[in-house]
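Student: Pasting the sequence and the predicted model now:
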Amino acid sequence: MALSGGVDSSVAAAELLRDGHEVVGITMRLWGGESDTGCCSVADVDDARRVAQQLGIDHLVFNFTDDFNEHVVAPYVSAHQQGLTPNPCIECNRHLKFHRLSERADLLGFDAVATGHHARIIDRDGVRYVARGEDMAKDQSYVVHMLPQRELVRTMFPIGDLTKAEVRLRATAMGLRTADKPDSQDVCFITHDGGRTAFLGSRIAFRPATVVDAVDGTTLGAVESVEMVTLGQRRGIGLPGGGPKRYVVDIDHATSTVKVGDESMLLCESMVVHDMTWAHLPVDGDVLVQSSAHGATQPAAITLEGNTALVQWAQPQRRVSPGQSVVLYDATDTYVLGGGIAG
């Protein structure tokens with residue numbers, strides 16, 4: 001059982017015990033640098049250890065800092081240099097919290113791996129899929145969409161059928177120290193004090209960029225770093241207040257130019273998604289598409305060409321920042337078919 005030090009994984013471990021499983025708590029030490037949030041702080045590791053003591057289960061700590069730097073931190077920095085908007089938490093799930101942990105489980109002879117994600121695993125004709133959790137407001141199927149069959153057959157989400165309120169009630173009833181602990185909302189290796197700017201600024205050389213009108217090319221201002229600008233951004237782009245709302249509608253990293261315009265200029269009829277992964281078999285045709293962790297799905301038609309998918313929206317949608325994860329759901333918006341990275 002992956003114990004992060006939060007209430008969800010604490011209750012998930014208790015649910016497994018209640019169901020009669022032999023449970024060992026595992027905490028992954030991922031980030032060796034400064035951390036004051038997320039699931040990598042010293043306090044979180046301590047909370048996980050104490051919850052394991054409360055539940056009467058063994059607790060192990062695995063040091064995966066090298067893997068975390070290789071598969072999460074370094075790609076995060078590189079993505080910003082390339083003008084992409086990465087999903088570090090999804091890459092952590094992909095490479096560490098499932099694949100790497102599953103490898104360690106094999107070495108130690110465990111039958112299954114469990115986490116505290118708000119998601120479910122369903123079986124349809126012998127094929128398993130990640131499905132949405134009971135609590136739609138907390139659903140995390142988007143961030144665990146990449147799990148293949150080899151992982152799905154032995155992954156467990158013990159709180160997937162519970163709402164967040166029910167999780168906290170059960171934690172309170174058991175007297176778990178994490179019962180009232182706030183949810184983690186931020187990237188674990190980005191501190192509150194320095195933020196993304198300080199983290200990236202210590203690792204890459206920022207390049208200033210000119211902000212221009214997307215229609216006539218008029219220079220409107222400047223930003224200190226083109227690497228910190230995101231498609232759709234409205235604030236912090238060096239424009240004076242009082243005028244019409246302007247959004248970042250295009251970023252040319254080669255020329256360090258940021259184009260701004262009306263919100264309607266962000267709409268598009270299609271997009272390309274690469275590096276597709278599938279729960280089972282590749283799917284084309286009509287699907288529902290989600291392009292952010294808590295965004296609503298939108299109907300679209302998918303056309304495949306190798307490992308790339310063309311998404312044709314039923315109605316024009318806001319452009320998705322390159323580098324973001326795009327997840328495909330079935331027609332009932334219940335379970336994940338596959339996903340990839342916006343190009």
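Tutor: Looks like it arrived, so ask away.
Student: which helix is the longest one in this structure?
Tutor: Ranked by number of residues, the top helix in the chain under DSSP state H is helix 42-55.
Student: How far does the helix or strand following it sit from its chain's centre?
Tutor: Beyond helix 42-55 in the direction of the C-terminus, DSSP states H and E gives the next helix or strand as strand 58-63. Centroid separation for strand 58-63 versus its chain: 24 Å, with CA atoms, centre = their mean, to the nearest Å.
Student: and strand 58-63, C-alpha only, in PDB?
Tutor: What follows is strand 58-63 as a C-alpha-only set of coordinates in PDB (Å, rounded to 0.1, in the frame of the first residue of the first chain):
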ATOM      1  CA  ASP A  58       4.900  -2.700   8.700                       C
ATOM      2  CA  HIS A  59       6.200   0.400   7.000                       C
ATOM      3  CA  LEU A  60       9.000   0.600   4.500                       C
ATOM      4  CA  VAL A  61      10.600   3.700   2.800                       C
ATOM      5  CA  PHE A  62      12.000   3.300  -0.700                       C
ATOM      6  CA  ASN A  63      14.400   5.800  -2.000                       C
END
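Student: and the next element down the chain from it?
Tutor: helix 65-68.
Student: What segments of the protein are helices?
Tutor: Taking DSSP H as the criterion, the chain carries its helices at 7-18, 42-55, 65-68, 74-81, 88-92, 101-108, 149-152, 164-174, 195-201.
Student: how close does the most centrally placed residue in the chain get to residue 275?
Tutor: The centre of the chain sits closest to residue 90, judged by CA atoms, centre = their mean, with a distance of 3.6 Å. Noted for residue 90: a distance of 12 Å to residue 275, by CB to CB, to the nearest Å. Where you see a C-beta, it was placed from the backbone N, CA and C, and this is true even at glycine.
Student: Ok, residue 168 next?
Tutor: On the measure of CB to CB, residue 168 and residue 275 end up 37 Å apart.
Student: These two: who's more crowded?
Tutor: For residue 168 versus residue 275, neighbours defined as other CB atoms under 10 Å are more numerous around residue 168 (19 against 14).
Student: contacting residues around that one?
Tutor: 7, 179-180 (CB atoms under 8 Å, 6 or more residues apart in numbering).
Student: what do you get for residue 300?
Tutor: Taking CB under 8 Å, 6+ apart as the test, what residue 300 contacts is 286-289, 311-314.
Student: From the chain's centroid, how far away is stretch 130-137?
Tutor: 15 Å.
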